[in-house]
Every structure is written in structure tokens, then in C-alpha cells.
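Visitor: Turn this into a structure:
(chains A, B and C)
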Amino acid sequence: MAGIAATSAAATTAAATYKRRPGLMSWLVLFPLIAWLLLFVIVPTVMLVVLSFAEQTGLGTITLTFTLENYQRAFSWTWLKVFGTSVWYALLTTIICVIVGYPVAFFIGRAPASMRNILLTLVMIPFWTSFLIRTYSWITILSKEGLINSLLVSAQIIPEPITLLYTPFASVLGLVYNYLPFMILPIYTSVERLDNAMIEAAYDLGAGPVRAFSQVILPLTAPGLTAGALLVFVPSIAMFAITNLMGGGIPPTIGDVIYKQFTSGRAQPFGAALGTLLLLIFVVCLWGTRRQRED
Amino acid sequence: MSAIALALLPFLPVPVRSFFRKVHGPRLQQWMLGGWALLVFAFLYIPILLLVIFSFNDSRLNIQWEGFTLKWYAALLENDTLIHAFKNSLFVASITTVLATVLGTVGAWMLYRYRFPFQRAIGLLIFVPMVIPEVLMGVSLLAEFVHLLKIPLGYTTLIIAHTTFCFPFVLVGVQARLHGLDPFLEEAALDLGATPLKAFWLVIVPYLMPAIIAGALMSFTLSLDEYIVSVFTTGAQSQTLPLKVYGMAKVGLNPQLNALSTLFIVGTIFLVLFSEFLTRRKSS
Amino acid sequence: MKTNPRHLLMASLAVFAIAGCDRPPKPDVAKETSGQAPMTKAAAPVSDEEKKLNIFGWSEYIPQDVIDQFTEETGIKVSVENYASNEEMLAKLLAGGGTYDLIQPSEYVIEGLAKENLLVPIDHAAIPNLKNIAPEFLNMSFDPGNKFTVPYMAGTVGIVVNTDLVKDDIKSFNDVFVEKNKKNIVVLDDAREIVTWALLTQKLPINDINDASLEKVKPILSQWIPLVKVFDSDSPKTALINGDVAIGVVWGGEGAILLNTDKKFKWVIPSEGTHLFVDSLAIPKTAKHPKNAEAFMNFVLRPDISKKISDVFPYLNPNMAARELLTPEQRANVASFPTADEIAKMQTFKDIGSQASQVDETITTLKAQ
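Guide: Predicted coordinates:
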């Protein structure tokens, strides 16, 4: 088993060493991506950072001065707490999505080839409905006079309706619901290329199911798992619509706070400062982990 | 009862599981996983089922069941604004998916295969559209479109904005799949006389196909439901469905929406099953 | 043979793209936006405008059949862009992104817009139906003489009680925010609103919010906020109808819908007082079709049209002629129509400028506890 994992590790290092130097054609091919990044990611981000040093007057006119007051304002307990809450919810969502989604991805990846794409599409189809009606469906299910409570009370399992909605439980449920496909699909892409022969070999060499999983399957599906974790954790930090609708807006999340600065808060530069800080923290963390992995 | 046992099996202690393994082999494993998958699919589809049922509910506020009716479907067919908005959503999502998939796949491959300067920086920049709160992206793109690039707001700006936050999802997904690529696969193709482009198209892309499809599905989903970025980057003609819908909560979400979603889901499931049927016909 | 997924994907995308493609992007979208900052361009009076109207309004605030009828009668094609809050509208308007002929600002925004010269004065001669508006809604403090705006819909904020679940007699904000009602309350997710209610209980001015008055109400707010279960400005009625909460401090229109849904809901104007909001129609400086906009204003002020709006949106209709066309039930809905005495005691919001930021932070801090 160690040998199998070692082979894949060897393959990865071999891949790393075989990276070619780009020729003219390669630069041309990569050009659209670079241009897109420059035009629509770097430029707006720079504009954002510039905004964070500006001032807002009147109804919303921005005067481009240079002031640090937005950043000074950002360093207070309130915003730290709000940020921490959002990260915590995102973490919880990611972990639950991994636990719930990995077996499903595994099942789809090992299903007969003709079924795989259908199953994948079936995973996605619920999310082609409008977000609002989907969420209001959940509200109907979870509310005190809703589906679950009605069933439990009429089956006499509980004497009175329980509070399910407008709680952190409901928020996390909503987040997990909406992000599960983004965990299942990436893991699936790694599971799909699992070679049956490799797994059989592991069993033949005497491994039990746990060792076969931890020594062979898990390392081979790790890239998909990491991708899924990233595609759930990262976007869910700033997601606030779900916690607003299903959690009652309590506790406030960083996404909501920033959004409010552009609406009732009348403090667009402050919102930009919070956003810049969020980006900064994220970039630093990612840079740190990349560094670690390359060592 | 047995379904519950099947579903709980992944959480049972190791000795119990290895007993099952040794006794029944990989088929039992696949059945257990299948049971779990079924539960998860139920979880995914129960709100949808409710949504579909409520599209036949004779109640404007749609909070309690008040009787069967088809009037929302009838009203929907005459609701030009809603249908036009929905078509806009589909159009924008389709073009976005194509662009994002191409950008993400080609980008991932080039970064993997070639050693470019600023590689790590690019790798980080890709995550920016994912991290950045949507209102910030919307506002900054709006400012850029209006003041810097002088592009009029409409389908173009909307598609650009959507593609920007969709392609990182494709790229990350494809990158994960590339991790397990046999480096000698491409070498073999080149040795046999293929150009890098041909090798990419005939050897790499088929290998990447599951990730490409997954990425496309994710892009389409993200674009279809995007609200905040769309608010700031759309023009009057290119209003998408979420824009029309989001204020509806004030008077109660129109059950016509339920009807629309039901029709769309039923149509898509039918399309998927039908194409599967066609492929099976072709192969037999 | 394996399903060729590429073909499936391409086919699906093609179907969707074609489905979305029946109406290609209109070429005039390119004509409409000039990309210049709104402040520098003066609206040139156009005598014969093309038959188009670009409305930027609250979602669903103008019923579709009203728009359709306008197009039928005048031949002017209307396109509607929606927003979900005044500030969203401002953000887009000030960024110079679109060219809108008509906007629907609330009262506290109008003062600011007028001061910054962002509105076009309206020609009262083109809007004779203005006479239908009740006198108390004309010549209001935020737009003396109705120089720039015509009132569209008004409303208040008040208390809704589910009398099946709550037997106490609730008459004021202080009655709502007691320990007994913990986690049984829904309020608007609007920092200024919540602070205003606290200020009203202390008889402090609601339009002159400064650090001192904020400090005075902070202890009250820190007592109130933990009692709230749901913060929701979009549809607070949901939590009430579903039985998840029994008391709400909500918009008048939401209250009206609740009263229409079930007799168990009771509407109360808080004894400490409340405020009046007025949404109006106005023409921004960058409008390309101001005459068409004025025609629409006049159209909407017709009693039969205004009644249609009231049917969908049971808010406070300032149009006297329209009120006469309403059913007795509609007129009896106390959430829609407070008495004249009650209205006389209500103030309207003024713009509080940068204080909005402090207000927002105060509430967020308390929510995050």
C-alpha cells in the first residue's frame, strides 16, 4: 500500500520536473487567461483598494483622498467577531459537506460509466431552481407550523413544535444544502480515475478496508477532496443570503456587514477596507499553505 | 429498516465493517454507498418536491396548502416579463459556461504543463473572484465598465462579470484532476508524432473530461442564480430572473415562479434521460 | 459505447443558448449610456422623444398590467430595471451606470438628490392628476412645492400581534420588548429603523441623531436586540404567518397583508409614535425621455390606475380619488390607512448623512454579542 502511494507521489514529482519552458505558442495560449485576470480581477481589486482609502460624502459621492480612517475603524472587536463567525460557519459547512458528500461522490465515481453523467446532473438540477423559492421551501419545511414539526407532533413524537428555523442549525443546514454539489463534483473527478486494479492489489496484499481507504483511496482522491473543500470553504465565507433568510440574520456575517456598508451604512470605503482585509488574510493563508506544500 | 442500517454502516466501528467487507466484498460496499447516496439525493430533492407541489397550490402567499389549481401555469405562459428574464438567465448562463470552461481548462493545463513566471501569483489571483464579497466585485466592475472601459451595460458586461467568478471553479476542479495525470501520457502521444495541440486535444482533454463537465455544471449553476453581481453589471434589457424575483418577497413570491422552476426541472430531467436513451439506442 | 458526454454537454448548451436567443440584444443599449458622470451632463429638453421609457424601480412595486396598460394607451415602450433598496439604486445611479428616466426614491433620499442637483424639475402642467393627491401628502418637507417628485405610495411602521399566541395587550414599543417575548419577535433589518424606535421611546429627535443621543439609547437597544428572533426587511410576514414568532415590528404593507390573511393578527400603532415614509416618482438628471416620464407620472396618478396598485400593494395610498374606488375592506384595513390624527403625529425621515454609519455599527455590534 505504501508502495502504491509512493508510486503516485513519484508520478507527481515526475510531473513537476517535466514542466516545460513556455515557447511563443504557449504564451499566446495562456494570454487570454492573463488578460482576463488583469482586466477583470486585478484592475477591479486595485480600484477596490483605492476606494478603501477614500471618503464618502453626501448620498454616495466618493472623494479620492488618502485616509487611513477606514482601516482604523476596521480594527475593532465587532468586525473581528463578525469575521470569526463567518469563518466558523464556513468551516463547519465544509466539514459537514465532506462527510456527507464524499460517499456520494465515491458512489457516483464507481457507478457504471453510462450512469455517471446522469447522476452528476441529477445532483445539480435542484440548484437550477431559483434560490429564493428553494430557500422558502426550506422555511416551509423547518418552521414551527411546517412539515417536520407537523409530522413529529401528529406522530406524537414531541408534544409541542420545536424551534428549528432561525437558528444556527438552520443556517448551517442551508449552507450545506447549497454547497454540497460543489463538494461532490470535485471529489467525483478524483474518484472517477481510481483504478480498480490498484484497489484490488491493495486487498490482495492483505489490507483491510480501513487501510485500503486511508493508504490508497484517500491519497489518490486527496486532490479532489482539497478542491472540493476550497470550492465550499472560500465562497461560503462571504455568503450571507442564506444566514439572513434561514438564520434570521443572527449572528451578522461579514458578507452582510460589507453589503450593508454599500446600502444603509453609507460607508462604501469602509466596506472596501473590510473586503481588502478579507482578501489580504486569505492571500496570506493560501500563500502560507502553498509554501508549506512545496517544501 | 435495512435501508437505515445501510445508511448507518459508514459510521459503524471498524471491526464490524471489516467483517462485512471480508464476508461480502466490494458489491456490498457499493450498495451501502448507494443507500447513503439515496438519502442525500432525498435531502437534495425534498425542498424541490415541495416547490413542485406548491406550484399547484391555490394560494397566492403559498404558505399553506389551499387546493389544487393550474392557474399559475396559465398565468406564467402569459407573463412575458418573467419568461424574458428567464430566457436571459439561460442565455447568459450558457455563454458564461462556455467561456468559463474554456478559460478554466486551458488555464489549468497551461499552468500545469509549463513553467511560467509569476506562477504562484496567478494561482492566488484565481481565488480572488471566489473570496471577494459579491457586492465589492459588482461595484468595482461597474466602476470599471462605466469609467475605464466605457462599455455600455448589457449582456456583454453581464457575461464578463459572470465568467469572472465562474472560471475559478472550473480551473480548480481541472487542476485537481491534473494531479493524477500520468506525465508520460502526453510524452507518448508526442513520441508518436502528435503536435502539442493535437496531444492536448486527443489525449489530455478526454482524460480531463469528467472535470470539465463538473466545472461546466458548476459554472452554469452559479451563473443562473447570481443576484448581487448582476444588479450592478446589467442593463435594462438583460435583466435576469433573480433580479426580477428578489424583490418579489415583499408581496409574497409569486407561485408562477414555482411553475417556472417545475417546468424547467422536468424539462431538464427529461432532456438528460432522453439523451441517455438515444446513446443507448446508438450503442446497441 | 460510452455516452459521449461532450455531445450531451454541447447539445444541452445549444438548446439553452437558442432558448435564450429569440430576442437579440437591442442595439439602442449602446446608444443609451454615454459613460459620463451624471453631474456634468445637463438634461436637454426634448420635444418629440422616441417612444421609450426606462424605469428604475422597486421590484414588483409597479404592477405589470399597469405598465402594459400604459404602453397600450400611449404606445411608449417601457423597460423596467429593479432594485431592492434605495441605496442599491443610489449606488448604480451615482456610478453613472444606466440612463434611467424614472426612479422611485424614498423621502429621505429625495432631499439629498435635490441638493446634489441630480433631479429634473417636473412640469406640473403635464401632470394635472397631481390634484388627486391628498393635501397632507403634497408640499412635504422633503420636496416643497413638489418641485421634483409626485408621491407614489406611503406607509408607516407599526406593531403586529398574533393574538392567538400572545394574549397581552400590546400598545407600545416598550410592551413589545420585554423579557416575556424573548425570541418571539421579528423586526425590520434596518439599523436606522430600530434606533428610531428607541429614540421615540425616549422622546428624542429622530432626525437629529448624534453621538449623545446614540449613547442614550444604547442601553435600551442592548436590552432589545437579544429579544429578537428574526431580522427581516424583505418579508417579515413570513415568520409571523409560519408561527415562528408572534410579534412583529414591520412595514404597514406587511401588516395589511397579514390582516388580510388571518383575523388573528392585530395591528397597533405604537403609543410612543412612529414615522411615515413616502415613496415618490422622480426624474433623474440623466433621463433621456423626461416628457414620457411625466406622462407616466400623470398616468399613475389616475384613480383607476392607482387603485390597481393598491390592490397589489396594500400600503397607504395618498391618492384621494383612488381611495374612493377601493373596497370597504381595503379602506378599513387599519394597517394600510391610519387615521388622520395618527398621521398628523408622524414624522418623516430626513437624511442623516454620515451618522448612518454610526447607527449601522451600533446595531451590528449589538447583534454580534
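Visitor: What's the first helix or strand after the strand or helix carrying A:Val43?
Guide: Assessed by DSSP states H and E, A:Val43 sits inside helix A:43-52. Per DSSP H and E, the first helix or strand lying C-terminal to helix A:43-52 is strand A:55-57.
Visitor: So which bits of the stretch 51-200 of chain C are right by chain B?
Guide: Within the stretch 51-200 of chain C, the positions adjacent to chain B are C:54, C:58-61, C:64, C:79-84, C:88, C:91-92, C:95-98 by Cβ under 8 Å from any Cβ of the partner chain. In short, each C-beta sits where N, CA and C put it, glycine included.
Visitor: what about stretch A:168-185, near chain B?
Guide: Yes. Applying Cβ under 8 Å from any Cβ, one finds stretch A:168-185 touching chain B at A:177, A:180-182, A:185.
Visitor: avg pLDDT for that stretch?
Guide: When pLDDT is averaged along stretch A:168-185, the result is 96.
Visitor: Stretch C:204-219 now?
Guide: 91.
Visitor: which residues touch that stretch?
Guide: If you take Cβ atoms under 8 Å, 6 or more residues apart in numbering or on different chains as the criterion, stretch C:204-219 is touched by C:195-196, C:198-200, C:202, C:275, C:347, C:349-350, C:352, C:355, C:358-359, C:362.
Visitor: Need the buried ones from those residues selected in ChimeraX.
Guide: Here is the ChimeraX command that selects the buried residues among those (16 or more other Cβ atoms under 10 Å in any protein chain shown):
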select /C:195,196,198,199,200,275,349,350,352,355,358,359,362
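Visitor: Of the contacts of stretch C:204-219, which belong to helices?
Guide: Residues of the contacts of stretch C:204-219 located in helices (DSSP state H): C:195-196, C:198-200, C:355, C:358-359, C:362.
Visitor: which one of those residues is nearest chain B?
Guide: C:Val359 (19.3 Å; Cβ to the nearest Cβ).
Visitor: Double-check that C:Lys229 belongs to a helix.
Guide: No. Read with DSSP: H, G, I helix; E, B strand; the rest coil, C:Lys229 is strand and lies in no helix.
Visitor: how about it, what does it touch?
Guide: Contacts of C:Lys229 (Cβ under 8 Å, 6+ apart): A:166, A:248, A:250, C:183-186, C:239, C:244-245.
Visitor: Next one, pLDDT for residue 58 please.
Guide: This is for chain A. 71.
Visitor: should've been chain C
Guide: C:Trp58 is given a pLDDT of 83.
Visitor: Return the distance of it relative to C:Ile103.
Guide: C:Trp58 sits 10 Å away from C:Ile103, going by Cβ to Cβ, to the nearest Å.
Visitor: follow-up on the earlier one: return the member of the residues of stretch A:168-185 next to chain B nearest to C:Val268.
Guide: Set against C:Val268, the nearest of the residues of stretch A:168-185 next to chain B by Cβ to Cβ is A:Tyr177 (37.2 Å).
Visitor: Quick check on B:Pro133: phi, psi?
Guide: phi -60, psi 140 (degrees, to the nearest 10).
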